[in-house]
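1. Sequence first, then the predicted structure, then my questions.
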Amino acid sequence: MRNFTLSILFIFIAFAGSATTWTINNSGFAFSPSTLTINEGDTVVFELAGEHNSVEVSQTTWNMNGNTPLSGGWVLPFGGGMVLPADLTVGTHWYVCQPHASGGMKGMIIVEETTSTDDTKVGPPFSFYPNPSQGVISLITPNSVTAKNLKVNVFDLSGNEVYTTTLSEQHTDVIDLTSMPKGVYMIHVYDDKGIRSRKLILQ
């Protein structure tokens, strides 16, 4: 039992050591930063003036400058508080200040997957542009990568696959997502060694 407890403790220490705590403040009636990109496992602390709070909302509510809390989302008190990793799952989290949402006091936190540094578990490197995009992007893999063995999947933030293809041997492929709604998506490029992921914003 003692060994089990120590193992759990060491795992927690290792995890905590690799995580980051981020701070979001308010500048008048705006969150600062209003868009924050973090890694899975990170923590966010809101340090706000006494008249502001932070409440997670749906994307629809966020777009409409509404203030109805998201079921299961975080609700922080006036003055701020801490959002733990359990509430910051991979994807985009939209939030507002409830009293001032109608005036546009809102922000988003984008949580990215943590990629292992073990080469046997990391997928092929790639880049793409433009990002944000209107829907047509160029995806590039280095010449050192065997492109013909690479597959691409694009998922929305609900985990639905919206696009899939196999890369050509030219190391530059055009992906057309113009039929997709505006929002945040995840691009996965993978081979038999693993997967690499990047976020894509369609606007």
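-> Thanks, I have the structure now. Residues are numbered from 1 along each chain as shown.
2. Look at R196 and say how many residues are nearby.
-> 17 (other Cβ atoms under 10 Å). In short, each C-beta sits where N, CA and C put it, glycine included.
3. Settle this for me: it is touching F126, isn't it.
-> Yes - the criterion here is Cβ atoms under 8 Å, and R196 meets it with F126 at 6.5 Å.
4. what sits in contact with each of those two?
-> Listed contacts common to R196 and F126 are V189; contacts here mean Cβ atoms under 8 Å, 6 or more residues apart in numbering.
5. And for I201, nearest residue in space, chain neighbours not counted?
-> P132 (4.0 Å; Cβ to Cβ, 6 or more residues apart in numbering).
6. now swap in G73 and tell me
-> Closest to G73 by Cβ to Cβ, 6+ apart is E56, at 3.0 Å.
7. do I110 as well
-> Nearest one to I110, counting by Cβ to Cβ, 6+ apart, is T37 at 4.5 Å.
8. again, but for L177
-> G135 (4.7 Å).
9. Report the contact partners of that neighbour.
-> G135 neighbours (Cβ under 8 Å, 6+ apart): D176, L177, T178, S179, M180, L202.
10. Please apply the same query to M108.
-> Taking Cβ under 8 Å, 6+ apart as the test, what M108 contacts is S34, T35, L36, W62, T92, H93, W94, Y95.
11. give me that answer again for 6 Å
-> Listed by Cβ atoms under 6 Å, 6 or more residues apart in numbering, the contact set of M108 reads T35, T92, W94.
12. Just the pLDDT for K106.
-> At K106, the model reports a pLDDT of 96.
13. What about it? Give its phi and psi, please.
-> Dihedral pair for K106: phi -150, psi 170, per degrees, to the nearest 10.
14. about what we covered before: kindly provide the distance from the residue nearest to G73 to P69.
-> 7 Å (Cβ to Cβ, to the nearest Å).
15. Domain map for the chain?
-> 2-112, 127-202 (automatic domain parsing).
16. Who are the contact partners of S197?
-> E113, M186, H188.
17. I meant to write F46 there.
-> F46 touches I24, S54, L76, G80, G81, counting by Cβ under 6 Å, 6+ apart.
18. Just the ones of those in strands?
-> Using DSSP state E, the subset of these located in strands is I24, S54, L76, G80, G81.
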